[in-house]
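Visitor: sequence below, structure please.
(chains A and B)
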Amino acid sequence: MSLIRIKATLVLCILLLSTNLGAAEPGGVADGTFDMQCGGACHGDSDQNATSSASLTLLTESNIYAGQATTFTLQVDQLTTSIYEPIGLFLLSDTTGYRDTPQDIGWQILSDSNGAVNNYIEISGFTNGDTIEWVLRAPEVGNYTFFASIHHGGNGVPHFGISQAYSVEVLPIPDNLPRLSTDFMPVVSRQVGQQTNFQLLVEDTDNVTVEWRLDGGIANQANVTGDSVNGFMVELPTANQPSTMQWRAILDGEGPQQTTPWFTLVSNEQGFSIDTTAVYLQAISVLLFFAGLTVLLQTRNKTTSNAKAEKTFDEIQPPVQGGEL
Amino acid sequence: MVSAGTLHVVTTELVVGTFALAGLCFGLKLLYGFKILSNDKANDALDSIAHGALLFGLLSLPFAILSGINSANVNDGGFMSAILVNKLWLSFAGFGLAIGVLVSRWKVGSSIWAETKTSLIQSSFGMAACGAILLTASAGGRFARGESLLDMLHLPYDLILLMPIWLSVLLLLSGLTNLVIGIRANSSQ
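Guide: This is a model prediction of the structure:
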């Protein structure tokens, strides 16, 4: 075997041996709507996965009326102290890794703990016994199964864990039940300093009381105006710093009193904003500028070299002696 | 239906791979330009590989840019991060450099390597195109995962140099003029 082949083989061996030094997505992939294991894109080889020590407990009502909101609370215990951060937590409808989000079986996520509507949440600083929540709107009548799953790194391998199955039965709505309208979508995020006003869309409801609290603190009453004919307007107080507020509505009517789940409203600092047109225009300008510059520089050099070549040709021509030919 | 995010991963891998190969070949061509390397056979092969890889990367680049814009929901909520803006500009800069390099090679022909000056310009701009795309990829890693291989350079991804509209238009017109002059001059010779 020639020396070059030995060298090439050695390089390939080194490359192959060094593949386990890296960890996939060590900084996380950010919150989103994902199938289990991100569809297998990151940790495709299940042989390379390790089992997480974490214990997952999913708490929710076993019966819920069709079209109504309910809370799914996920409690995580037995986290190891050396756990890799952040950890990723899933709410899933099955464990196939394909079309297994709650949305895939007709459920609608109304809010999550991070102020969005994702089934996958990444959290840092999570300790034993901590919980996160999703508020979901139930679909049609039927029986549904849910799972929770955890992803995190550690010791150079991806760790993965899944909870047992939890069943939820969706029941038909009783007559005259005070309830949220199926068209109602709660606001889940806002900017610091911004007041939140919204119309609470309800059905079969004569009176509404809204309570709010900060990070699981004492509940306060929000200002609610209007009536069942003109609609109920809710006003939630302004947040002076980045924080998480929760609110819920207590609905009274002919039927039994109903209390909605705690909806999460996250207040963030003002986000980044820029004139999109100016950005695109500058991008196209930069493209044409660099393309033009490159082509023009080569043209200049070619012209110069041609001129030199012509001059050299003239220099080697012997001058015509004796005047005209 | 494949999501824009997944499509972006696939297309960026194509772009980064091909541009990295092209950049490596242009780097070696630069060494030939400085007479550090002198194998004629490899020298000719590097020319074909560099421009072939660059062309393939250039064909994949629009898909990578469009899928990136879609996966970041720029059309709905605008640019939500300075890194995204810098990614767009860097990718367009790499796009422009790659077009310039390929057009130059097409119009001038293999004689572009005949002179030291043209050879150095071609190699340098080819490597610059590769550098712009690798920086774009690094910014993508920083945006998606919070870290990238080039973090050791402490690059100011959060800093934006947005030009006024009139300056962008001026730059666009000058670029367009240069491009037209360059192509026409090369065609007429």
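Visitor: when you work out contacts or count neighbours from here on, use the C-alpha atoms and nothing else.
Guide: Fine.
Visitor: list the contacts of the nearest residue to A:Asp104 once chain neighbours are set aside.
Guide: Once flanking residues are discounted, A:Asp104 sits nearest to A:Ser93: 7.7 Å by Cα to Cα, 6 or more residues apart in numbering or on different chains. By Cα atoms under 8 Å, 6 or more residues apart in numbering or on different chains, the contact list for A:Ser93 reads A:100-102, A:104-105, A:144-147.
Visitor: helix or strand with the lowest mean pLDDT in chain B?
Guide: Within chain B, confidence by mean pLDDT, DSSP states H and E is lowest for helix B:74-77 among all helices and strands, at a mean of 72.
Visitor: show me what secondary structure element comes after that helix.
Guide: Proceeding N to C from helix B:74-77, the next assigned helix or strand is helix B:82-108, under DSSP states H and E.
Visitor: model confidence over that following helix, on average?
Guide: In this model, helix B:82-108 has a mean pLDDT of 93.
Visitor: now the angle from the helix or strand that comes right after it to helix B:82-108?
Guide: Tracing the chain C-terminally past helix B:82-108 and defining elements by DSSP H and E, one meets helix B:116-145 next. Relative orientation of helix B:116-145 and helix B:82-108, computed by axes from the mean of the first three to the mean of the last three Cα atoms, to 10 degrees: 150 degrees.
Visitor: list the buried residues of helix B:116-145.
Guide: For helix B:116-145, the neighbour count (16 or more other Cα atoms under 10 Å in any protein chain shown) marks B:118-143, B:145 as buried.
Visitor: same deal with stretch B:54-63?
Guide: Those buried within stretch B:54-63 under the rule 16+ other Cα under 10 Å are B:54-58, B:60-63.
Visitor: ok, of those residues, which one's closest to A:Val188?
Guide: When the buried residues of stretch B:54-63 are compared for distance to A:Val188 (Cα to Cα), B:Phe63 wins out at 32.7 Å.
Visitor: pretty sure the closest one contacts B:Val10?
Guide: No - between B:Phe63 and B:Val10 there is no contact under Cα atoms under 8 Å: 9.7 Å.
Visitor: need the residues of chain A near chain B, please.
Guide: Neighbours of chain B within chain A, by Cα under 8 Å from any Cα of the partner chain: A:25-30, A:271-274, A:276, A:278-279, A:281-299, A:301-302.
Visitor: just the buried ones from those residues?
Guide: A:25-30, A:278-279, A:281-299, A:301-302.
Visitor: where does pLDDT dip in chain B?
Guide: Scanning chain B with the threshold set as pLDDT under 70 gives B:1, B:76-77, B:188-189.
Visitor: okay, the angle between the biggest helix by length in it and helix B:116-145?
Guide: Under DSSP state H, the helix in chain B containing the largest number of residues is helix B:40-71. Using the same axes, to 10 degrees, the inter-axis angle of helix B:40-71 relative to helix B:116-145 is 40 degrees.
Visitor: picking that back up, among the buried residues of helix B:116-145, which ones lie close to chain A?
Guide: For chain A, the contacts drawn from these by Cα under 8 Å from any Cα are B:118, B:121-122, B:125, B:145.
Visitor: and these, which is closest to chain A?
Guide: Of all those, B:Arg145 has the smallest distance to chain A: 4.7 Å, by Cα to the nearest Cα.
Visitor: right, and that closest one touches A:Val29 too?
Guide: Yes - counting by Cα under 8 Å, B:Arg145 touches A:Val29, with 5.7 Å between them.
Visitor: okay, the residue nearest to A:Asp104: pLDDT?
Guide: Looking at A:Ser93, its pLDDT stands at 91.
Visitor: with A:Pro256 instead?
Guide: Reported pLDDT for A:Pro256: 91.
Visitor: now render the buried residues of stretch B:54-63 as CSV, adding distance to chain A.
Guide: Formatted as CSV, the buried residues of stretch B:54-63 follow (distance: Cα to the nearest Cα, whole Å):
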residue, distance to chain A
B:Leu54, 14
B:Leu55, 14
B:Phe56, 17
B:Gly57, 15
B:Leu58, 12
B:Ser60, 16
B:Leu61, 13
B:Pro62, 12
B:Phe63, 16
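Visitor: thought B:Gly57 was touching B:Leu14?
Guide: Yes - using Cα under 8 Å, B:Gly57 makes contact with B:Leu14 at a distance of 6.7 Å.
Visitor: not counting stretch A:231-249 itself, show me its contacts.
Guide: Residues contacting stretch A:231-249 (Cα under 8 Å, 6+ apart): A:192-202, A:208-216, A:222-226, A:259-269.
Visitor: how about a cut-off of 6 Å?
Guide: Here stretch A:231-249 makes contact (Cα atoms under 6 Å, 6 or more residues apart in numbering or on different chains) with A:192-200, A:209-215, A:222-226, A:259-268.
Visitor: thinking in terms of the whole chain, how far from its middle is that stretch?
Guide: Distance of stretch A:231-249 from its chain centroid, counting by Cα atoms, centre = their mean, to the nearest Å, is 23 Å.
Visitor: so for it, first residue to last residue, what's the gap.
Guide: Start and end residues of stretch A:231-249 are separated by 14 Å (Cα to Cα, to the nearest Å).
Visitor: same check, this time on stretch A:157-176
Guide: For stretch A:157-176, the first-to-last residue distance is 54 Å (Cα to Cα).
Visitor: show me the shaky parts of chain A.
Guide: Within chain A, the stretches with pLDDT under 70 are A:1, A:16-27, A:37-48, A:81-84, A:300-325.
Visitor: go ahead and confirm A:Tyr166 touches A:Phe146.
Guide: Yes - in this structure, A:Tyr166 is within contact of A:Phe146 by Cα atoms under 6 Å, at 5.1 Å.
Visitor: residues from chain B in reach of chain A?
Guide: Residues of chain B found near chain A (Cα under 6 Å from any Cα of the partner chain) are B:80-81, B:89, B:92-93, B:96-97, B:99-100, B:104, B:144-146, B:168, B:171-172, B:175-176, B:178-179, B:182.
Visitor: among these, name the buried ones.
Guide: Neighbour-count burial (16+ other Cα under 10 Å) applied to the residues of chain B next to chain A gives B:81, B:89, B:92-93, B:96-97, B:99-100, B:104, B:145-146, B:168, B:171-172, B:175-176, B:178-179, B:182.
Visitor: hang on, A:Gly115 packs against A:Phe263?
Guide: No - in this structure A:Gly115 lies outside contact range of A:Phe263 using Cα under 6 Å: 9.4 Å.
Visitor: who has more neighbours, these two?
Guide: Higher neighbour count among A:Gly115 and A:Phe263: A:Phe263, with 27 against 21, using other Cα atoms under 10 Å in any protein chain shown.
Visitor: so how far is B:His154 from the more buried one?
Guide: Using Cα to Cα, A:Phe263 is found at 40 Å from B:His154.
Visitor: how far does stretch A:199-207 sit from the chain's center?
Guide: Here stretch A:199-207 is found 31 Å from its chain centre; the criterion is Cα atoms, centre = their mean.
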